[in-house]
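>>> no FASTA, just this:
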């Protein structure tokens, strides 16, 4: 039996859940123990978890959970420097040279815990077993297009918001565009993130240039990017990814006015977007990196939380089979994640 502890998400504007009430029921039916922290900001109300019969704890109680409990979350932990003694399932953003990632790994070293990074849960073929990518792509495309429209009118992107459904988000973007039809290039078009970005563009009837590995195999430069109004980067930063937008693109002759860096890893050494170095926020979704000609960057790192229920249902459904098999780990999903952690901390 494994004790899964579903923690509250302390980050502002984070309403997603990695485990749904139906998943809690399935875990308990399989003999596992489940504790769920109260989280008023979660899209799924605590009462839905309480109805499963799971134990309910106050927000943040995981710090005192039994040491063998597996702490299940999504985004970052409170940055208080305390040692981490549990196994944590979460997005750590710690393996690509990020400064904040090094601090997180030091906390795990100090406490003797283990990071089981959701980004590195893979099947034997190397494919991720659970990802928010489709909804990140959909929402990232939406915010980027809203920001592009605002820039065309001399303004900046309005604050981001939560939508009840993908249809509601699409209608909102359509209104923001006011019948304008920006040309869009999507790189990583065949992956999960690119699929979501293209879905929104298709719903809006926008012309899309869809690139993937074949089109970027030359390693660049890629002047075609600059001939589009909007560039949506859907490629995760990793060794070997070419630079898509170099620093000198800021002053180049270009049509490009908006970069949606949906993969959003500006502090990584491998980031393919070199014209900015900081994430953006829900309050200020875009960063203006040049005035004339205009160039804005959208780089929000929890985009799927703008569609929290749909994103949670999708992701939790993908993750649940692997939680159910946590102890036996027949595909080696958790073993590989632990080995990756050890390779970065030994």
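Cool, the structure landed. All values derive from a computational prediction rather than experimental measurement.
>>> Tell me which residues touch residue 212, please.
Applying Cβ atoms under 8 Å, 6 or more residues apart in numbering, we find residue 212 in contact with 187-191, 194. No exception for glycine: its C-beta is placed from N, CA and C like everyone else's.
>>> Need the pLDDT of it.
Model confidence at residue 212, given as pLDDT, is 97.
>>> Make 43 the starting number, not 1.
From this message on, residue numbering opens at 43, which makes the last subject residue 254.
>>> Please name the residues that touch residue 118.
Applying Cβ under 8 Å, 6+ apart, one finds that residue 118 lies in contact with 53, 132-133, 135, 142, 146.
>>> Check what pLDDT it gets.
Note on residue 118: pLDDT of 89.
>>> can you give me the helices in the stretch 193-342 of the chain?
Assigned helices in the stretch 193-342 of the chain, in chain order: 208-219, 234-246, 255-258 (criterion: DSSP state H, counting those that start in this stretch).
>>> Just want to check the distance between the closest residue to residue 173 other than its chain neighbours and residue 334.
Leaving aside its sequence neighbours, residue 173 sits nearest to residue 234 (Cβ to Cβ, 6 or more residues apart in numbering; 5.4 Å). Residue 234 sits at a distance of 36 Å from residue 334 (criterion: Cβ to Cβ, to the nearest Å).
>>> Of the two, give the one with the bigger neighbour count.
The neighbour count for residue 234 versus residue 334, taken as other Cβ atoms under 10 Å, is higher for residue 234 (17 against 6).
>>> Could you measure from that one over to residue 88?
Per Cβ to Cβ, residue 234 is found 29 Å from residue 88.
>>> In this structure, which residue is most central in space?
residue 344 (5.0 Å; Cα atoms, centre = their mean).
>>> For it, list the residues it contacts.
Contacts of residue 344 by Cβ under 8 Å, 6+ apart are 53, 55-56, 58, 117.
>>> For those residues, which single residue is the most surrounded?
Among the contacts of residue 344, the one with the most neighbours (other Cβ under 10 Å) is residue 58, at 26 neighbours.
>>> What ranges does the stretch 143-292 of the chain have for its strands?
Taking DSSP state E, counting those that start in this stretch as the criterion, the stretch 143-292 of the chain carries its strands at 156-159, 226-229, 250-253, 272-275.
>>> Burial-wise, tell me which of the ones you listed comes out on top.
Comparing the strands of the stretch 143-292 of the chain by mean neighbour count (mean count of other Cβ atoms under 10 Å), strand 272-275 ranks first with a mean of 29.
>>> I'd assumed residue 343 was in contact with residue 178.
No. Residue 178 is beyond contact range of residue 343, at 9.2 Å (criterion: Cβ atoms under 8 Å).
>>> Neighbour count: these two, which is higher?
The residue with more neighbours, out of residue 178 and residue 343, is residue 178; 27 against 20, by other Cβ under 10 Å.
>>> quick one, what contacts the more buried one?
Counting by Cβ under 8 Å, 6+ apart, the residues that residue 178 touches are 235, 238, 304, 345-346.
>>> what pLDDT does it get?
97.
>>> any chance you could read off phi and psi for the closest residue to it other than its chain neighbours?
Nearest residue to residue 178 in three dimensions, chain neighbours excluded: residue 345, at 4.6 Å (Cβ to Cβ, 6+ apart). As for residue 345, its main-chain torsions (degrees, to the nearest 10) stand at phi -60, psi -40.
>>> Could you grab the helix/strand/coil label for residue 46?
The three-state assignment at residue 46 reads strand, by DSSP: H, G, I helix; E, B strand; the rest coil.
>>> list the contacts for it?
Here residue 46 is in contact with 61, 69, 74-77, 111-112, 114, 365, 368 (criterion: Cβ under 8 Å, 6+ apart).
>>> distance of it from residue 126?
17 Å.
>>> same check, this time on residue 367
Here the distance between residue 367 and residue 126 works out to 24 Å (Cβ to Cβ).
>>> Between the two, tell me which one has more neighbours.
residue 126 (21 against 14).
>>> does the more buried one belong to a helix or a strand, and which?
For residue 126, there is no host helix or strand (DSSP states H and E).
>>> Would you mind confirming that it makes contact with residue 147?
No. Taking Cβ under 8 Å as the definition, residue 126 is not a contact partner of residue 147, at 9.5 Å.
>>> Any chance of a markdown table for the strands of the stretch 143-292 of the chain, columns distance to residue 167?
Converted to a markdown table, the strands of the stretch 143-292 of the chain look like this (distance: least, Cβ to Cβ, whole Å):
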| stretch | distance to residue 167 |
| --- | --- |
| strand 156-159 | 18 |
| strand 226-229 | 23 |
| strand 250-253 | 23 |
| strand 272-275 | 24 |
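>>> for these, which one sits closest to residue 354?
For the strands of the stretch 143-292 of the chain, the distance to residue 354 is smallest for strand 156-159, at 18.8 Å, taking Cβ to Cβ.
>>> Report the strands that pair with that closest one, each with its relative direction.
Strand 156-159 has its sheet partners listed here by DSSP bridges as strand 129-132 (parallel).
>>> Give me the mean pLDDT for the partner strand.
Taken as a whole, strand 129-132 has a mean pLDDT of 98.
>>> Distance from the chain centre to it, please.
16 Å (Cα atoms, centre = their mean, to the nearest Å).
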